[in-house]
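> Sequence and computational prediction follow.
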Amino acid sequence: MSDQSRALPDRPSLRYLKLEAKRRLSAGEFATLHQAQLAIAREHGLSSWTALKEHIEAAGPASHALAQVRWVMSRFAAADTPEWTPPDEEELRRHFDDHYLSLVPPDTLTGMASSVAQRLREDLVDVRAEPLRLRARVADLRVEAATEADPPYRLSTLRLYPLETKVKDPRVAAPASRTSGAVPEEAAAVAAESFAELGLVGLIVAGASGDGSVWVTARGWANLDQDEVLLPDHRFPAYSITKLITAIAVLRLVADGRVRLDEPANAYLRTIRLADDAVTVRELLSHTGGVDNPASMFADRVPDLVSVTGPVAACGGPRGTFGYGHGGYALLGQLIADVTASRYEEAATRMVLEPLGMSNSWFPRSRPATRVVTGHRLTDEGVFERAPAQISIVPAAGGLWTTAADLVRFGHAWSSLLPDALAREALRPQAERDDSPGGQAGLGWGLVLPKDVAGHPGAGPGFSASLIVRPGLVSSGGGQTWVVFTNRQVLVEPVNERLALPIP
């Protein structure tokens, strides 16, 4: 143990000191982590690790956001114990503003915080605190928070999302970066931070401003084994974001008078029928038709749809209640094919991709090989390996391959393909979602109206994707769009939220 006194730097890092304690424990200098932390604290003239932590936090500006997050941590840290009593709504309203609780109702908030109780018992590290904002880490969670500008400084934003902590692959240590268009500084910063925090092989972040100009930043590798740098024009599978393409194609048929939203879908289906004759086109679009999902969604090639659903598609779910799934959109793809007398892929390309200039987007029948990224997965040893090279077996539910720029073009201009009234109807809530706090289902779109955002995620073997738009702006002819692609299956919605909903 060192007996020398040390001075803290001007901007001390608790994260660095904690890693230093672990390093000295691993080197055999101490028997326990507590002893190593205590020694480091005393070397810096403080009596305990807690005192050192408080001293470091006090060295920065007083942070109302930090104080409120500490309340959350202390209040919910014991939520997984029998004697714990949850806060009532009145108590929560003393710490969260009304707008936040309109987005995340008290019961949902309590459940969210309680689910991570064990993590909340650990120390905050990597703390970046300002008077009204906080960015930090606790255990394997990223914490982002903001408060009101005036007393009592209640939380107006609180985000907790998982980080990846076990990547040990040295090949991703120094990622290359490539850009196209005028990338905003904040987007470049989000891409750099997210690449490290989520443990990625490749990451693309893209967007468009109100005038439709597209920017793309790519970071990392398209194929790690071949040391192939990821470029802005590499193609990714969009997976379930494809459902938006399908929804707009159906709505174009509605606009042309060839399909009616509230007619039974079986009025238009010829090759495959629904077991429930009453399920409408609107219900299929809004995931309220109760259609069963395929047993599997991925394979080496796209089979005939009838071999996936059978000649009569089962409807075992409750009709009229939101239940996200792929089966309903499989039947919408067949509906498009039957009404247009062409394959779904051809009709969707003709009605959606081509009018929007999405020339680098298509629906392959097997895994494409040209200018596409390779999916990866992380082994238990923390090393990346190639993910299975499979594709969605239902083109209308998950078969689109595209570039970030093409998907931005879709997000920016999809409403131009429809009459204004029908575009507004697509963004009108059709059902309450059961998988997203404050979320609702439009026609294809997932909606969070209080945040004025709409979008759709996509994920499958080796890949993740996210599309978010501001519908209030898009429906009026302008707008903003954000796209995230990765070639590893991880949760990327928080990355896109940081772009679309920055903490003020």
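Thanks, I have the structure now.
> There's contact between Thr340 and Ala348 in this structure, I believe.
No: at 9.5 Å, Thr340 and Ala348 do not qualify as touching, with contact defined as Cβ atoms under 8 Å. C-beta here means a position set from N, CA and C on the backbone, and glycine is covered the same way.
> Comparing the two, which residue is more hemmed in?
Applying other Cβ atoms under 10 Å to Thr340 and Ala348 shows that Ala348 carries more neighbours, namely 30 against 17.
> With adjacent residues omitted, what lies nearest to the more buried one?
Nearest residue to Ala348 in three dimensions, chain neighbours excluded: Ala249, at 4.9 Å (Cβ to Cβ, 6 or more residues apart in numbering).
> show me the contacts for the one you found.
Shown in contact with Ala249 (Cβ atoms under 8 Å, 6 or more residues apart in numbering): 336, 347-348, 351-352.
> among those residues, which are in strands?
With DSSP state E as the criterion, strands contain none of the contacts of Ala249.
> Tabulate those (a markdown table), appending pLDDT and distance to Pro502.
Shown next, in a markdown table, are those (pLDDT from 0 to 100; distance: Cβ to Cβ, whole Å):
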| residue | pLDDT | distance to Pro502 |
| --- | --- | --- |
| Ile336 | 98 | 37 |
| Ala347 | 98 | 38 |
| Ala348 | 98 | 33 |
| Met351 | 98 | 35 |
| Val352 | 98 | 30 |
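> For the helix or strand containing Trp215, what does the pLDDT average out to?
Element membership for Trp215 (DSSP states H and E) is strand 214-223. Average pLDDT, strand 214-223: 97.
> what's whatever helix or strand comes next after that strand in contact with?
Using DSSP H and E, the helix or strand that directly follows strand 214-223 along the chain is strand 228-229. For strand 228-229, contacts defined as Cβ under 8 Å, 6+ apart pick out 176, 178, 220-222, 374.
> So which of the contacts of Ala249 is the closest to Arg301?
Of all those, Arg301 sits closest to Ala348, with 18.8 Å by Cβ to Cβ.
> confidence score at the residue lying closest to Gly290 once chain neighbours are set aside?
Of all residues not flanking Gly290 in the chain, Gly317 sits nearest, at 3.4 Å (Cβ to Cβ, 6+ apart). You'll see Gly317 listed with a pLDDT of 92.
> now Gly317: how far from Leu400?
Separation of Gly317 from Leu400 (Cβ to Cβ, to the nearest Å): 25 Å.
> how about the residue nearest to Ala348, secondary structure?
helix (DSSP: H, G, I helix; E, B strand; the rest coil).
> Helices of the stretch 301-450 of the chain, residue ranges please.
Along the stretch 301-450 of the chain, counting by DSSP state H, counting those that start in this stretch, helices occupy 305-309, 327-340, 344-348, 395-398, 404-413, 420-426.
> circling back to that earlier point, from the contacts of Ala249, which is closest to Phe384?
Closest approach to Phe384 among these (Cβ to Cβ): Ala348, at 33.0 Å.
> quick one, what contacts the closest one?
If you count contacts by Cβ under 8 Å, 6+ apart, Ala348 has them with 245-246, 249, 336, 363, 396.
> try 7 Å
Contacts of Ala348 were listed using Cβ atoms under 7 Å, 6 or more residues apart in numbering, and they are 245-246, 249, 336.
> sorry, back to before: quick one, which of Gly317 and Leu400 is more surrounded?
Ranked by neighbour count (other Cβ under 10 Å), Gly317 and Leu400 place Leu400 first, with 35 against 20.
> For that one, give me its contacts.
Contacts were defined as Cβ under 7 Å, 6+ apart; by that measure Leu400 touches 238, 241-242, 245, 361, 363.
> Considering the residues you listed, which possesses the most neighbours?
Ranked by neighbour count under the definition other Cβ under 10 Å, those are headed by Ala238 with 32 neighbours.
> In contact with it: list those residues for me.
Taking Cβ under 7 Å, 6+ apart as the test, what Ala238 contacts is 400-402, 407, 458, 465.
> One more pass at 8 Å, please.
Applying Cβ under 8 Å, 6+ apart, the residues near Ala238 are 398, 400-402, 407, 458, 465, 467.
> quick one: it from Ser48, how far?
52 Å.
> Tell me the helix or strand right after the helix or strand of the chain at the bottom of the mean pLDDT ranking.
Within the chain, no helix or strand scores below helix 471-474, which has a mean of 60 by mean pLDDT, DSSP states H and E. Note on helix 471-474: by DSSP H and E, the next helix or strand toward the C-terminus is strand 481-486.
> Run through the neighbouring helices and strands of the next helix or strand after that next one.
Of the helices and strands lying after strand 481-486 in sequence (DSSP H and E), the nearest is helix 493-500. Judged by 3 or more Cβ pairs under 8 Å, 6 or more residues apart in numbering; DSSP states H and E, helix 493-500 is in contact with strand 155-162, helix 185-198, strand 202-208, strand 453-460, strand 463-469, strand 481-486.
> How about the second one, which residues are buried there?
I take that to be helix 185-198. By neighbour count with 16 or more other Cβ atoms under 10 Å, helix 185-198 contains the buried residues 187-188, 190-192, 194-198.
> low-confidence ranges in the protein?
The chain contains residues with pLDDT under 70 at 1-16, 57-61, 165, 210, 435-437, 472-479, 504.
> what's the domain layout of it?
Listed by automatic domain parsing, the domain ranges of the chain are 14-57, 60-162, 243-345.
> Those domains: which one's closest to Ser415?
Between Ser415 and the domains of the chain, the shortest gap by Cβ to Cβ is with domain 243-345, which sits at 8.9 Å.
> between the helices and strands packed on helix 493-500, which one is nearest to Leu269?
Of all the helices and strands packed on helix 493-500, strand 453-460 sits nearest to Leu269, with 24.1 Å by Cβ to Cβ.
> list the buried ones in the closest one?
Neighbour counts over strand 453-460 (16+ other Cβ under 10 Å) mark 453-460 as buried.
> and that strand, what does it pack onto?
Using 3+ Cβ pairs under 8 Å, 6+ apart, the elements in contact with strand 453-460 are helix 242-255, strand 446-448, strand 463-469, helix 493-500.
> can I get those in a markdown table with distance to Phe322?
Putting the helices and strands packed on strand 453-460 into a markdown table (distance: least, Cβ to Cβ, whole Å) gives the following:
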| stretch | distance to Phe322 |
| --- | --- |
| helix 242-255 | 14 |
| strand 446-448 | 10 |
| strand 463-469 | 20 |
| helix 493-500 | 18 |
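> among the ones you listed, which is nearest His55?
His55 lies closest to helix 493-500 among the helices and strands packed on strand 453-460, at 30.2 Å (Cβ to Cβ).
> Now that closest one - C-alpha only, CSV.
Extracted as CSV, the C-alpha positions of helix 493-500 are listed here (Å, rounded to 0.1, in the frame of the first residue of the first chain):
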residue,chain,number,x,y,z
GLU,A,493,-34.0,3.1,-29.8
PRO,A,494,-32.2,5.1,-27.1
VAL,A,495,-29.6,6.2,-29.7
ASN,A,496,-32.3,7.5,-32.0
GLU,A,497,-34.2,9.1,-29.1
ARG,A,498,-31.1,11.1,-28.2
LEU,A,499,-31.1,12.4,-31.7
ALA,A,500,-34.8,13.1,-32.0
